[in-house]
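A.B. asks: Have a look; sequence and predicted model below, questions after that.
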Amino acid sequence: MKADAQLEKIFEAFKQRTITRVFYVACGGSSALMYPSKYFLDRESSQITSEIFSSNEFIHRNPQSLNENSLVILCSHKGKTPETTEAAKFAKSKGALVVSLMYVEHAPLADESDFIVNYSWISAGNMEPMPEIMNYAILYKLAFGLLYVKEENKKYEKLVTSLNSLSTVFEKVMAQNEDVINAYAEQYKDEKIMYTMASGANYGMAYSFAICILMEMQWMHSHAIHAGEFFHGPFEILDKDVPFILLMGLDETRPLEERALTFLKQYGNKLVVVDAQNFDLTGIDDEVKGYLAPLVNNVVLRMFALALSKARNHPLETRRYMFKVPY
Ligand SMILES: O=P(O)(O)OC[C@H]1O[C@](O)(CO)[C@@H](O)[C@@H]1O
């Protein structure tokens, strides 16, 4: 498979360099997909730290720790988002190792990168035919591969085997949730606002659903709330008529999501809970379940996105500003 061959070359480059810090740099949905990988590095690495930056801020903030011992991982569907291409150029000028993900073969971002990986991609709402080579899977392979090379972390093989089981897991999750998701779409189609909430490895998916699906693709008001932060301001907005989507994962931060669930049930009423614990995850190794749970929860979110768009008669492709006006 092409992506795997590209990854092998990158792992060789990891061996040749000292890497002390990983910078994840992207915009919007591509950025959101990097959160689970940062969660993995935070949990598992004793020597390598990681940060997530929105592309433009990365350049303007100009982190002083960005240098030849840095690995900068960027992602952009068509490799054409100007801020991300500029960020790659900036990272190279600082001597960092620059690895970029995109689903096209040639792109401006590729020209500014040391290595690229081509992922498989399908638009929101469609079944992902090869999840093991989607952008989120490649991001995980890079993070797990880095720790395999640098710290002899043994989870890489478990990750690869588990990713290869994902399409079967996804099919079962879709069959299990179809009816309930369609019912939720009918129930929530006239809402003006929907909040999303999660913690740990799942937070990126809540963020992506809020900004890319609800705001960008449905023009609904939304905000992604961290389950730990919920009790430090946002919970004052909760009432029986305020809709929340809560993602519940299998990682170490699940107690934060459980605490939020208890409160949401007590004072709220309009609640959609997507809980990885309810799904058949056969084929996913126990040691990586917490890391892969966000990907499974995301399948349910994508089903909800499509059902909602149909119920609201607002196709997911509709835009008024993005790629249409100067910005
Ligand atoms: O750089 P990318 O990944 O091509 O992103 C382009 C756009 O796609 C989205 O990720 C989703 O539409 C936006 O958030 C972003 O502006």
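C.D. replies: That came in fine, so what should we check first? Numbering: from 1, shown residues only.
A.B. asks: who are the neighbours in contact with residue 177?
C.D. replies: Contact partners of residue 177, counting by Cβ atoms under 8 Å, 6 or more residues apart in numbering, are 300, 303. For glycine as for every other residue, the C-beta is placed from the backbone atoms N, C-alpha and C.
A.B. asks: ugh, wrong one, I meant residue 24
C.D. replies: 31, 34, 37-38, 50-53, 73.
A.B. asks: near the ligand, which residues of the stretch 201-327 of the chain?
C.D. replies: 212, 216 (Cβ under 6 Å from any ligand atom).
A.B. asks: which residues of the stretch 201-327 of the chain fall in strands?
C.D. replies: Counting by DSSP state E, counting those that start in this stretch, the stretch 201-327 of the chain has strands at residues 221-226, 244-248, 271-275.
A.B. asks: For the stretch 1-150 of the chain, what lies in contact range of the ligand?
C.D. replies: Taking Cβ under 6 Å from any ligand atom as the contact definition, the stretch 1-150 of the chain meets the ligand at 27-30, 76-78, 81, 84.
A.B. asks: can you list these in JSON lines and add pLDDT, neighbour count and distance to residue 222?
C.D. replies: Below are these laid out as JSON lines (pLDDT from 0 to 100; neighbours: other Cβ atoms under 10 Å; distance: Cβ to Cβ, whole Å):
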{"residue": "27", "pLDDT": "98", "neighbour count": "20", "distance to residue 222": "18"}
{"residue": "28", "pLDDT": "97", "neighbour count": "19", "distance to residue 222": "14"}
{"residue": "29", "pLDDT": "96", "neighbour count": "20", "distance to residue 222": "14"}
{"residue": "30", "pLDDT": "97", "neighbour count": "24", "distance to residue 222": "19"}
{"residue": "76", "pLDDT": "98", "neighbour count": "31", "distance to residue 222": "23"}
{"residue": "77", "pLDDT": "96", "neighbour count": "20", "distance to residue 222": "22"}
{"residue": "78", "pLDDT": "96", "neighbour count": "12", "distance to residue 222": "25"}
{"residue": "81", "pLDDT": "97", "neighbour count": "23", "distance to residue 222": "22"}
{"residue": "84", "pLDDT": "98", "neighbour count": "29", "distance to residue 222": "23"}
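A.B. asks: Return the residues in contact with the nearest residue to residue 261 once chain neighbours are set aside.
C.D. replies: Spatial nearest neighbour of residue 261, chain neighbours left out: residue 246 (5.9 Å); criterion: Cβ to Cβ, 6 or more residues apart in numbering. When contacts are counted by Cβ under 8 Å, 6+ apart, residue 246 touches 196-198, 227, 257, 260-261, 264, 271-274.
A.B. asks: Adding neighbour count, write these out as TSV.
C.D. replies: Converted to TSV, the contacts of residue 246 look like this (neighbours: other Cβ atoms under 10 Å):
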residue	neighbour count
196	27
197	27
198	29
227	28
257	24
260	25
261	20
264	22
271	13
272	19
273	14
274	29
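A.B. asks: now, among these, which is nearest to residue 135?
C.D. replies: Using Cβ to Cβ, residue 198 comes nearest to residue 135 of these, at 19.0 Å.
A.B. asks: just checking, that closest one touches residue 258?
C.D. replies: No: if you go by Cβ atoms under 8 Å, residue 198 and residue 258 don't touch, sitting 11.9 Å apart.
A.B. asks: quick one: common contacting residues for those two?
C.D. replies: Any residue near both residue 198 and residue 258 by Cβ under 8 Å, 6+ apart counts here, and that gives residue 248.
A.B. asks: count of residues packed around residue 171?
C.D. replies: Neighbours of residue 171 under the rule other Cβ atoms under 10 Å: 12.
A.B. asks: what about it, distance to the ligand?
C.D. replies: 25 Å (Cβ to the nearest ligand atom, to the nearest Å).
A.B. asks: Distance check, residue 45 against the ligand.
C.D. replies: 26 Å.
A.B. asks: I'd like the distance between that residue and residue 141.
C.D. replies: Distance, residue 45 to residue 141, by Cβ to Cβ, to the nearest Å: 16 Å.
A.B. asks: and what of residue 17?
C.D. replies: 18 Å.
A.B. asks: And residue 66, by the same measure?
C.D. replies: Distance, residue 66 to residue 141, using Cβ to Cβ: 23 Å.
A.B. asks: between the two, which one's more packed in?
C.D. replies: The neighbour count for residue 66 versus residue 141, taken as other Cβ under 10 Å, is higher for residue 141 (24 against 21).
A.B. asks: mind checking pLDDT for that one?
C.D. replies: With respect to pLDDT, residue 141 scores 97.
A.B. asks: So it: helix, strand or coil?
C.D. replies: helix (DSSP: H, G, I helix; E, B strand; the rest coil).
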